[in-house]
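Undergrad: Whatever this is, show me its structure:
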Amino acid sequence: MSSQTKIAFIGLGVMGAPMARHLAAARHSVTAYNRTPARAKAWQQACADLGLEVATAPSPAEASRDAEIVFTCVGNEEDLAEVVLGSQGTLDAMAPGSLLVDHTTVSADMARRIDAAAKGRGIAAIDAPVSGGQAGAENGALAIMCGGTAEAMARATPVMACYAARIVHVGAAGAGQTAKMANQMCIAGVLGGLSEAIRLASAAGLDMDKTFEAISGGAARSWQMENRWHTMVQDKFDFGFAIDWMRKDLDYALAESRRLGLSSPITALVDQFYAEVQANGGGRLDTSALISRLPKGDDK
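TA: Residues are numbered from 1 along each chain as shown. Reported below is the predicted structural model:
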């Protein structure tokens, strides 16, 4: 594979657009597709403003033709099936020996289905969901959990490093998606406790900055506390990872838990809390808006 890899990037949303831009900035040859052509053109212009030459294509298949690696980063499982397995999907155009890397969060079953379809065409596949949110994508500091073969990982890792701070090969096809489920379960549980802790400290009249300073250096420390405490205290949620997307991810996690004969009561409870926020019109707010369903001390 040449040092300048020929890449197709499918999906230019809040995550995909900066990821694809990082690939172009690393001087890879990038052709992108987005379901909304205007978004693809806006991305192309934003890259041009940075002195980056990129191309766009009218379909996933056209973007993927002759690509050495095809990346996908779309909204949900149905979108992924369409852009990969559909009549104008990537697999129809990819050559044997090429590589498909999917960054969408989907079910492990879908990851294994795509892996099998790719193998049938002589194409390697990696399920590689990401964590770190829009800020992680913009800053090139995502964490990526991967399922696939060691050979495919060896090819993909140097390229994914353009937008990642951590890349871990977890196991075979589907393992990356299962690890992402575990990731989302952890986030849900942490935000549930963090929401109640902030309400407690506030109702007790504590200095919230001092309280943060006191507890963020000990065992309670977490990414959510460090990055969301202050905005949660200020009731600011118009950014970040949307509750709509978190509920999608938790649905996959709960389904996998049931399939394995497990009980996940905390995840199920927080998911229902999110459903309340969603029903009140908060589906596009950051996941830290979980706190909004809890009354403040003076609201009692």
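
Undergrad: before we move on, which element is residue 83 in?
TA: Following DSSP states H and E, the helix or strand that holds residue 83 is helix 77-85.

Undergrad: now that helix, how far from the centre of its chain.
TA: Taking the mean C-alpha point of helix 77-85 and that of its whole chain, the gap between them comes to 16 Å (CA atoms, centre = their mean, to the nearest Å).

Undergrad: Tell me how far the helix or strand following it lies from the chain's centre.
TA: Beyond helix 77-85 in the direction of the C-terminus, DSSP H and E gives the next helix or strand as helix 90-93. Offset of helix 90-93 from its chain centre (CA atoms, centre = their mean): 23 Å.

Undergrad: Contacts for the following helix or strand past helix 90-93, please.
TA: For helix 90-93, the succeeding helix or strand toward the C-terminus, using DSSP H and E, is strand 99-102. Contacts of strand 99-102 from elsewhere in the structure, counted by CB atoms under 8 Å, 6 or more residues apart in numbering, are 68-73, 80, 84, 90-91, 94, 111, 114, 118, 123-128, 152, 155-156, 160. The way it works is simple: take the backbone N, C-alpha and C, and place the C-beta from them, glycine included.

Undergrad: Buried only: go through the residues you listed for me.
TA: 68-73, 80, 84, 90-91, 94, 111, 114, 118, 123-128, 152, 155-156, 160 (16 or more other CB atoms under 10 Å).

Undergrad: Among those, which lie within helices?
TA: Here DSSP state H is the test, and the buried ones among the contacts of strand 99-102 give 80, 84, 90, 91, 111, 114, 118, 152, 155, 156, 160 as lying in helices.

Undergrad: Mind putting those into JSON lines with pLDDT?
TA: As requested, those are exported to JSON lines (pLDDT from 0 to 100):
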{"residue": "80", "pLDDT": "98"}
{"residue": "84", "pLDDT": "98"}
{"residue": "90", "pLDDT": "98"}
{"residue": "91", "pLDDT": "97"}
{"residue": "111", "pLDDT": "98"}
{"residue": "114", "pLDDT": "98"}
{"residue": "118", "pLDDT": "98"}
{"residue": "152", "pLDDT": "98"}
{"residue": "155", "pLDDT": "98"}
{"residue": "156", "pLDDT": "98"}
{"residue": "160", "pLDDT": "98"}
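
Undergrad: Helices of this structure, start to end?
TA: When assigned using DSSP H, the helices of the chain occupy the ranges 16-25, 37-49, 60-64, 77-85, 90-93, 108-119, 133-138, 150-160, 175-203, 208-215, 223-233, 243-259, 265-277.

Undergrad: Quick check: which of the ones you listed is nearest to residue 283?
TA: helix 243-259 (4.2 Å; CB to CB).

Undergrad: pLDDT below threshold where in the stretch 151-300 of the chain?
TA: Along the stretch 151-300 of the chain, segments meeting pLDDT under 70 span 298-300.

Undergrad: give me that answer again for 90
TA: Regions of the stretch 151-300 of the chain meeting the criterion pLDDT under 90 cover residues 240, 297-300.

Undergrad: hang on, the earlier thing: could you dump the helices of the chain into TSV with distance to residue 167 added?
TA: Formatted as TSV, the entries for the helices of the chain read as follows, by distance: least, CB to CB, whole Å:
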stretch	distance to residue 167
helix 16-25	13
helix 37-49	24
helix 60-64	22
helix 77-85	20
helix 90-93	22
helix 108-119	17
helix 133-138	13
helix 150-160	6
helix 175-203	10
helix 208-215	31
helix 223-233	18
helix 243-259	20
helix 265-277	26
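
Undergrad: of those, which approaches residue 285 most closely?
TA: Judging these by CB to CB, what sits closest to residue 285 is helix 243-259, at 5.8 Å.

Undergrad: got the CA coordinates for that closest one in CSV?
TA: Taking only C-alpha atoms (Å, rounded to 0.1, in the frame of the first residue of the first chain), the coordinates of helix 243-259 have been written out as CSV:
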residue,chain,number,x,y,z
ILE,A,243,-29.5,11.5,23.8
ASP,A,244,-31.2,10.1,20.7
TRP,A,245,-27.9,8.4,19.7
MET,A,246,-27.2,7.2,23.2
ARG,A,247,-30.6,5.5,23.4
LYS,A,248,-29.9,3.8,20.1
ASP,A,249,-26.6,2.5,21.5
LEU,A,250,-28.1,1.4,24.8
ASP,A,251,-30.7,-0.5,22.9
TYR,A,252,-28.0,-2.5,21.2
ALA,A,253,-26.3,-3.1,24.6
LEU,A,254,-29.5,-4.2,26.3
ALA,A,255,-30.3,-6.6,23.4
GLU,A,256,-26.9,-8.1,23.6
SER,A,257,-27.1,-8.5,27.3
ARG,A,258,-30.4,-10.4,26.9
ARG,A,259,-28.9,-12.5,24.2
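
Undergrad: Great, nothing more from me.
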